[in-house]
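Everything below, folded, please.
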Amino acid sequence: MNWYDQKTRRTRRPRRIEEEDSAEIGFPILWVLIGLLAAMLIIGLVSLGALNLLRRQAITPTPPFIAGLAPTQPILDAPISDDGTEATPTIPPVVTLPPTVTPIPSATPVPQVPKTIEIGGFARIVNTDGYGVSMRAGPGTNNARLEVIPENANVEIKDGPRESENLEDYIWWFVIAPNGEEGWIATDFLEPSIGPNR
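Below you'll find the predicted structure:
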């Protein structure tokens with residue numbers, strides 16, 4: 001062995017010892033800080049919950065105000081009058097509220113179908129075998145046909161009755177059709193009705 005090798009052996013440290021020293025840092029301070037923050041958070045939440053419970057127990061509900069009732073005044077010691085006797089305190093009267101009466105709903109009357117066709121009333125188109133009836137410009141079949149009103153349609157009676165202009169056996173009524181058109185329809189094709197909206 002030469003002199004250089006001996007010198008370097010003494011001065012060199014083993015590699016293992018260096019690695020062991022550097023790996024030994026100790027407990028990380030980061031974990032200590034996270035633990036402290038978590039503990040403070042838990043303590044704060046528990047304190048808020050306890051404070052909330054104490055608050056709820058301390059609050060007493062206020063009774064609702066009832067119209068017509070005066071608040072009760074405390075009775076104090078009776079004052080002494082001029083003659084030396086004690087004056088008796090007056091107690092406010094007790095107010096009794098009348099019971100509320102619930103009205104009983106009355107039965108809605110069922111509309112009755114009129115027995116005859118009248119001015120201001122309604123009539124229904126009938127006896128047309130489903131074809132409808134011709135509404136004319138005047139009281140007679142010799143007048144122009146304005147339109148055909150379908151069977152079971154309701155018309156409003158405005159005028160009549162009138163005899164036919166061309167001496168037919170029909171009696172005519174002046175009506176307003178569901179579409180607002182006005183004209184004449186023979187009685188044979190009308191029947192009294194309670195109207196479209198009833």
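
now the strands for this protein?
122-125, 133-136, 145-149, 154-163, 171-176, 182-186, 190-193 (DSSP state E).

give me the low-pLDDT residue ranges for the chain?
Applying pLDDT under 70 to the chain picks out residues 1-27, 57-90, 197-198.

domain ranges for it?
The chain is divided into the following domains under automatic domain parsing: 28-60, 122-193.

how about those domains, which one is nearest residue 95?
When these are compared by CB to CB, domain 28-60 sits nearest residue 95, at 24.6 Å. Any C-beta I mention is one placed from the backbone N, CA and C, and that applies to glycine too.

residues of that closest one that come out buried?
Of the residues in domain 28-60, none count as buried by neighbour count, 16 or more other CB atoms under 10 Å.

and residue 173, how many neighbours does it have?
Residues lying near residue 173 (other CB atoms under 10 Å) number 23.

So it sits against residue 191, correct?
No. The criterion here is CB atoms under 8 Å, and residue 173 misses it with residue 191 at 11.6 Å.

which residues do these two both contact?
Shared contacts of residue 173 and residue 191, defined by CB atoms under 8 Å, 6 or more residues apart in numbering, are found at residue 123.

one step back: would you turn the domains of the chain into CSV with distance to residue 99?
Shown next, in CSV, are these (distance: least, CB to CB, whole Å):
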stretch, distance to residue 99
domain 28-60, 30
domain 122-193, 46
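
For the closest residue to residue 126 other than its chain neighbours, give its distance to residue 48.
With CB to CB, 6 or more residues apart in numbering as the criterion, residue 126 has its nearest non-adjacent residue at 4.6 Å, and that residue is residue 191. Residue 191 sits 80 Å away from residue 48, going by CB to CB, to the nearest Å.

returning to that earlier point: of all the domains of the chain, which lies closest to residue 108?
Nearest to residue 108, of all those, is domain 122-193, at 19.1 Å by CB to CB.

Pull up the distance across that closest one, start to finish.
For domain 122-193, the first-to-last residue distance is 5 Å (CA to CA, to the nearest Å).

Kindly report the same for stretch 162-171.
The first and last residues of stretch 162-171 sit 6 Å apart, counting by CA to CA.

Now do it: everything it contacts.
With contacts defined as CB under 8 Å, 6+ apart, stretch 162-171 is touched by 138-143, 160-161, 172-174, 184, 186-188.

Buried ones in it, by neighbour count?
Under the neighbour-count criterion of 16+ other CB under 10 Å, stretch 162-171 has 162, 164-165, 170-171 buried.
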